[in-house]
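J.: this one's sequence-less:
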């Protein structure tokens, strides 16, 4: 009787909940068309830099003169000389050090262009260039040239150019094509936008004023919205099933206790799998896992291989238990003088590894030498009567993305070998 009463009430409860959620889902679908578009201003960002270009690199005589007052107006003087005379303007987003900032347009569907033009051209070229080069250099020869045409009647007013209509330039394929994957038009790493004249441009003067260039997209695509609603209803259905099972089984406390014990066991196993028990630093497994995450950032990193000098003598003279105390002491000193973003691990025995981002080779060396001096100045206190002084040797290698971890470790290990044979207690950079 009691179960029947509970089931009857929970059925009424879920009927009301489902009715309310149906109303909410319909309201979301009705409101969706009125959600404002997602807009990214590509012309008026504080990082925006505009550069005019012409065909002088191809022995052409055309010129492009940029208005110094705003940089958005320019005049092209198309003259004979190059096989296909041209000129145009490039829009780059650069940081303070002059490096290209990558623009991700994967969530956008079109570029809205407002270009004022006077001249005889019947069309213009709107393009962007993207790259898979993690170095983010200002210019690379293999940046893909992806473009579309803007017809004359579309100029002098805002016009939307859909990104799906852009194509990869045939001349770029002829020069740089290596494999079919290069033809996939991804939009995650765009380094340049631009506007240029077509190959059939007529000789003479052409006047331009670039009023705006804005990327247009949706905050949530219609497909994603449908998917979210489906997943939401699946979650509601799952929740209802779980509630009914919970009511019918009637073993909530037992299940919660078992689940809690399982989660604690999982946490303990996960910690043991990635942590060195003696030093509480990462072990090899923990180091590799964290390394795979930080490499995605595309920064400049260095690998340090650190070894305790004459550690075998410590074990032979004082015993392995005292050697363990020394290892824990060195680990604590190194950790206290590293940043939270650095990856420090015990690699094995008396050897440690450190993966850290630095601005230059000199800065990387200074960090290693700082650690060496701090360790040398410290004293490992075994007890009131025994204090042991230790030193370390360090090998450094700059992380090369093309070579990966194995190459960086090999170079750092070779540098460490040189430091050991050079007298120990020193830093050697590969």
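T.: That came in fine, so what should we check first? This one's a predicted model, so the numbers in the text were calculated from it and none came from an experiment.

J.: Can you spell out the domain ranges of the chain, please?
T.: Here the domain parsing of the chain from automatic domain parsing is 39-217, 284-429.

J.: Nearest to residue 238, out of these?
T.: Comparing the domains of the chain by their distance to residue 238 (C-beta to C-beta), the top pick is domain 39-217, with 28.9 Å. Yep, even glycine has a C-beta here, placed from its N, CA and C like the rest.

J.: For the domains of the chain, give me CSV that also has mean pLDDT, distance to residue 277 and mean neighbour count.
T.: Formatted as CSV, those follow (pLDDT from 0 to 100; distance: least, C-beta to C-beta, whole Å; neighbours: other C-beta atoms under 10 Å):
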stretch, mean pLDDT, distance to residue 277, mean neighbour count
domain 39-217, 89, 36, 16
domain 284-429, 92, 10, 17
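
J.: Reformat these into a markdown table and put distance to residue 233 next to each item.
T.: As requested, the domains of the chain are arranged in a markdown table below (distance: least, C-beta to C-beta, whole Å):
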| stretch | distance to residue 233 |
| --- | --- |
| domain 39-217 | 25 |
| domain 284-429 | 34 |
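
J.: Residue 33 is nearest to which of those domains?
T.: Of these, the one closest to residue 33 (C-beta to C-beta) turns out to be domain 39-217, at 14.9 Å.

J.: Identify the residue spatially nearest to residue 36, adjacent ones excluded.
T.: residue 219 (8.0 Å; C-beta to C-beta, 6 or more residues apart in numbering).

J.: Tell me how far stretch 189-205 lies from the chain's centre.
T.: Its chain's average C-alpha position is 31 Å from that of stretch 189-205, according to C-alpha atoms, centre = their mean, to the nearest Å.

J.: nope, stretch 108-116 is what I meant
T.: With C-alpha atoms, centre = their mean, you get 26 Å for stretch 108-116.

J.: And for stretch 362-381?
T.: 31 Å.

J.: Could you do stretch 390-398 as well?
T.: 29 Å.

J.: Do a quick rundown of the strands in the stretch 151-300 of the chain.
T.: 158-162, 167-168, 190-196, 204-217 (DSSP state E, counting those that start in this stretch).

J.: Also the stretch 301-430 of the chain?
T.: Going by DSSP E, counting those that start in this stretch, the stretch 301-430 of the chain shows strands at 301-308, 343-348, 351-357, 380-381, 387-388, 392-398, 427-429.

J.: May I see the strands of the stretch 151-300 of the chain arranged in TSV, with distance to residue 127 as well?
T.: Below are the strands of the stretch 151-300 of the chain laid out as TSV (distance: least, C-beta to C-beta, whole Å):
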stretch	distance to residue 127
strand 158-162	10
strand 167-168	10
strand 190-196	5
strand 204-217	12
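
J.: For residue 334, which of these is the nearest?
T.: Using C-beta to C-beta, these put strand 190-196 closest to residue 334, at 38.5 Å.

J.: Can you tell me which helices and strands the closest one packs against?
T.: The contact analysis (3 or more C-beta pairs under 8 Å, 6 or more residues apart in numbering; DSSP states H and E) places strand 190-196 against strand 87-93, strand 108-118, strand 123-130, strand 204-217.

J.: residues making contact with it?
T.: With C-beta atoms under 8 Å, 6 or more residues apart in numbering as the test, strand 190-196 has contacts from 42, 53, 86-92, 100-105, 111, 113, 115, 124-131, 136, 143, 208, 210, 213.

J.: what about the longest helix in the protein?
T.: helix 2-31 (DSSP state H).

J.: chain center to that one: distance?
T.: For helix 2-31, the distance to the chain centre is 42 Å (C-alpha atoms, centre = their mean).

J.: helices or strands up against that helix?
T.: So helix 2-31, by 3+ C-beta pairs under 8 Å, 6+ apart, packs with helix 222-249.

J.: now the helix it packs on against helix 2-31, angle please.
T.: Note on geometry: by axes from the mean of the first three to the mean of the last three C-alpha atoms, to 10 degrees, helix 222-249 and helix 2-31 are set 170 degrees apart in direction.
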